[in-house]
Every structure is written in structure tokens, then in C-alpha cells.
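*Asks:* could you look at this predicted model? Sequence included:
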Amino acid sequence: MSGIAYLNQGVLSVNPPNRIMNLDKLPFPVRNIEYLGNISSIGTDKVGKRFFRMLAGRGCYGKCSFCSIIRFYAPKYRIYRSPQNVVGEIEQLVNKYGINDFLFNDEIFYEISKKGQMWIQQFVELIKQKEIKISFAIEMRANDIRHEEISLLKSVGLKCVSLGVESGIQRVLDEMNKGCTIQQNRDAIDILKQNDVTPLISFIAIIPTMSFKELKDNYKFLFSLNCFIEENVYNKLNIYSNCEYKNILEKWNLLIEGSSFYERHGYNFYDPKVELFSSIIEDVRVVFSAHKKKLIAIDSKTDNSEILNKFQGEWVKFNEQLWMNITNVLIEAIDNIDINNIEGIKSMEKIYFKFINTQSDFLHNYIDSFNNRKYNFYV
Ligand SMILES: C[S@@+](CC[C@H](N)C(=O)[O-])C[C@H]1O[C@@H](n2cnc3c(N)ncnc32)[C@H](O)[C@@H]1O
Ligand code: SF4
């Protein structure tokens, strides 16, 4: 069987992968309604609370140096299921389960090629012809976002697009081999907003080769987009086995070799101020994650979408402001210290932990107040 690795009398054998070219030959996946997606939709405007995950094809033509997915598929291009096959599965699921929300997990839902454009046209025509009413979310690369396709998809229920924006620093985008410019990212977000489609951005805020000046500019960019989520603030580069970034960090002399194939590689930082920022923001994330669990519990305890929307709207605004404050305060504090003065750093950390605790209490009280105020949640 192609694409598997096994031990043959203690010797590792790897069968080269062989891509399935005709995905329509595969049967539709067996669905178990009990395991339906039911993730918290806090902070996003994805799809309904219960939704089916779907794949409209496999693979991505991108070559991003941090990405683990591209090692999966050789050769690296996208193979589509036929629109008839995908819409047939959607129709079956809607009729059988009465659930109209779908989350496409394709790395990219389509690319701007003749094939991709035709695929979108046929997909949209079929949904219209069959009069299927759905809401769905997809993932895309920013350079493939255009008015033409987005407005077509919007007309048949597109609600949200996940975009790998990754960075507001062109040097870093180039290092990532993203093949997108800062302007393309901004344009893509604008096109989505103009079509009333929610952009859900992914961002790798902390990169070990960054200077502190780049880190500051990066957050300025992130906050200027007006659509960031909490994870964007603290997501940092993971180095998976065999990804291209491993070689880049080796060249910078920053890589720490992992002791096993499965481990993510550790790394040192080029700029000690970036390292300090990275370690403190991670502490904040850990302290705050306990509060977030409580929020998810609130979210999953109500099915009243009107209450939920109000609650989410208020929460999103509050959380955005909180993370922006924390990041800006932290950046300013680190900017002003002499990184060679250990005592200075320690006293800054103390002050900062005090700040985190105050913010943490503030967050705790705020979440608790949801129970007592207008929403009547019982957590
Ligand atoms: C939303 S999807 C990307 C959608 C689309 N394929 C694209 O690249 O624009 C996956 C996201 O996970 C994040 N991610 C993937 N690999 C990562 C890594 N090694 N370290 C940190 N974040 C990573 C990136 O922000 C990436 O954009
Ligand atoms: S575009 Fe997305 S899925 Fe494709 S290689 Fe880049 S990060 Fe990976």
C-alpha cells in the first residue's frame, strides 16, 4: 500500500505516497451525529453551533516554510472532488439530519486557476439549482481572494473565511515563503468585509528571527486590521520535523535539535527582548485560559442564539481591548528596559505579574457578572 511506513524485521520501510487522482471514487464518510462539531463559537462568526466538517478536495499549492501539511501531499497541487460529488454529499446530509451548517477543512477551498474558477461557478450553480439553503466557512490563501468568487459564494451561504495572514512584516512573510504581500493580505480582508463575509485570520505573531522593532510593528499591523482574535496575539512559530523553517533557523544558529522525531524543535531567539516578550505573553495565556474554560461552559449551556449573539458581541469587544492593553503595556515596558541589566528585568517581571493578576481578577469578575446580569446563565 502506498504512503505507509512500517518496520520490516526491525528495518524501517517507507512506501512512496501515490496521490488518489479521482476523489469521487471514494465513498462519502460515515457520519455519527453524536460526534458532530460542537465547538465553542466564541470570538468567531463561523457557522451554527452544530455543523458538519467537509473536504471538497485535497492539497495546497503553497510552499510556506512553517507548514506541516505540504509534506503530506506529493506532488503539491490541489485535487478537487467534482462539484456534483460535493453538493451531492451536502444534499444528503441536509436531508438526512436537517443540519445546514458546514465547515470545509480544506487547506484552501480553491485557487485562482481556470480549474478553480470553473469549480466555484459549477458549485454555486448546483446549490442554486437544487435550492439547498446552507451556511458554510472555508479556508483560503489571501492572494486567491477576489470579489468575483467571494460574492458568488456569499450568494449561496458563505459566512466566514479563515485566512493565513501570518505577519505584518514583509521580511518575515518572505522568510515564511508565503507568496503574499502585506497589501494582498489587507486587500483580501477588505474584499471579505465588503461582501459581508467574516475574515477569521491566522497569525504567527512571534518568530525567533524577529527584532524587537519588527515585533512592535507586527502588533501595530495586527491591531490595525480590526478583526484579530486572541490567539493571534500569542501564536508563535512551531517547528515541526522536516519543515523548511528548521533549515532557516539552523542557518541563523537558533535551532535546538529535538531529541525525537515527533517532537517540535525548540529554538533560541535572535533578540532577547522578543524572547522576554514571548515568555511573558505565554504566562498570560496560561493564567487566562482557566477563565476561558468557564466562558466555553457558558457558551455551551445555551441554545438561545439571540442571547448568545449579544453575549458574544460584548465578550469579543471586551477581550480584544484586554489583549490589546496587555500587549501594548508589555511592549512599552520591555522597550524601556536595559536587557543586559538582569535586576531591571526581574523587577519589570514582578511589576508585570502584578499587572497580569489585576487583569486576571478583572476578567474573572467580568465573566462572573454574565451569570448575574442580563443573560441568566447558570455555570
Ligand atoms: C488558517 S490555516 C491557513 C489557511 C490557508 N491555508 C493559508 O495558509 O492562508 C492554518 C494556520 O495555522 C497556523 N500555523 C500553521 N503551521 C504553523 C506553525 N508551524 N507554527 C505556528 N502556526 C502555524 C498559520 O497561521 C496558518 O495560517
Ligand atoms: S497556504 Fe496554508 S496550507 Fe498551503 S502551504 Fe501555506 S500554510 Fe500550508
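*Replies:* Thanks, I have it. Only a predicted model underlies this, so the values are computations on that prediction, with no experimental measurement involved. Ligands and ions are numbered 1, 2, ... in the order given.
*Asks:* and Asp338, what does it touch?
*Replies:* Gly344 (CB atoms under 8 Å, 6 or more residues apart in numbering). To be clear about C-beta, it is placed using only N, CA and C from the backbone, and glycine gets the same treatment.
*Asks:* which secondary structure state is assigned to it?
*Replies:* coil (DSSP: H, G, I helix; E, B strand; the rest coil).
*Asks:* which helices and strands sit right next to the strand ranked longest in the chain?
*Replies:* The strand that spans the most residues within the chain, counting by DSSP state E, is strand 158-166. On a contact count with 3 or more CB pairs under 8 Å, 6 or more residues apart in numbering; DSSP states H and E, strand 158-166 meets strand 135-140, helix 182-194, strand 198-203.
*Asks:* what angle do the last one and strand 135-140 make?
*Replies:* So the one you mean is strand 198-203. Interaxial angle of strand 198-203 relative to strand 135-140 (axes from the mean of the first three to the mean of the last three CA atoms, to 10 degrees): 30 degrees.
*Asks:* what residues of strand 198-203 count as buried?
*Replies:* Residues Thr198, Pro199, Leu200, Ile201, Phe203 are the ones in strand 198-203 that count as buried (16 or more other CB atoms under 10 Å).
*Asks:* and for Phe353, the neighbour number?
*Replies:* Per other CB atoms under 10 Å, the neighbour tally for Phe353 reads 15.
*Asks:* specify the beta-bridge partners of whatever residue of the stretch 201-350 of the chain ends up closest to ligand 2.
*Replies:* For the stretch 201-350 of the chain and ligand 2, the shortest gap (CB to the nearest ligand atom) falls at Ser202, measuring 8.3 Å. Beta bridges link Ser202 to Gly164, judged by DSSP bridges.
*Asks:* now the residue nearest to Lys246 when sequence neighbours are not counted: phi and psi?
*Replies:* Distance criterion CB to CB, 6 or more residues apart in numbering; nearest residue to Lys246, sequence neighbours excluded, is Ile239 at 5.5 Å. According to degrees, to the nearest 10, the main-chain angles of Ile239 amount to phi -110, psi 110.
*Asks:* per-residue pLDDT of Ile239, please?
*Replies:* Looking at Ile239, its pLDDT stands at 93.
*Asks:* swap in the one 3 residues further on?
*Replies:* With respect to pLDDT, Asn242 has a value of 79.
*Asks:* before we move on, which element is it in?
*Replies:* For Asn242, there is no enclosing helix or strand under DSSP states H and E.
*Asks:* just give me the neighbour total for it.
*Replies:* So Asn242, with other CB under 10 Å, has 10 neighbours.
*Asks:* ok, it - contacts?
*Replies:* Asn242 neighbours (CB under 8 Å, 6+ apart): Arg71.
*Asks:* mind listing what the closest residue to ligand 1 within the chain touches?
*Replies:* Residue nearest to ligand 1 within the chain: Gly164 (2.5 Å; CB to the nearest ligand atom). Residues counted as contacts of Gly164 (CB under 8 Å, 6+ apart) are Cys64, Glu139, Arg141, Ala142, Lys178, Ile201, Ser202.
*Asks:* give the contact list for the first one.
*Replies:* I take that to be Cys64. By CB under 8 Å, 6+ apart, the neighbours of Cys64 are Ile70, Gly164, Glu166, Met176, Asn177, Lys178, Gly179.
*Asks:* pretty sure the first one contacts Arg78?
*Replies:* The reference is to Ile70. No: at 11.5 Å, Ile70 does not count as touching Arg78 under the criterion of CB atoms under 8 Å.
*Asks:* more neighbours, these two?
*Replies:* Arg78 (22 against 19).
*Asks:* how about the residues of this structure that lie near ligand 1?
*Replies:* Contacts of the chain with ligand 1, taken as CB under 6 Å from any ligand atom, map to 60, 66-67, 107-108, 139, 141, 162-164, 166, 202, 204, 235, 237-238, 240.
*Asks:* whichever of the residues you listed end up buried, select them in ChimeraX.
*Replies:* Selecting only the buried entries of these in ChimeraX, with 16+ other CB under 10 Å as the criterion:
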select :60,66,67,107,108,139,141,162,163,164,166,204,235,237,240
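*Asks:* can you narrow the contacts of Cys64 to ones near ligand 2?
*Replies:* Applying CB under 6 Å from any ligand atom to the contacts of Cys64, those adjacent to ligand 2 are Ile70, Gly164.
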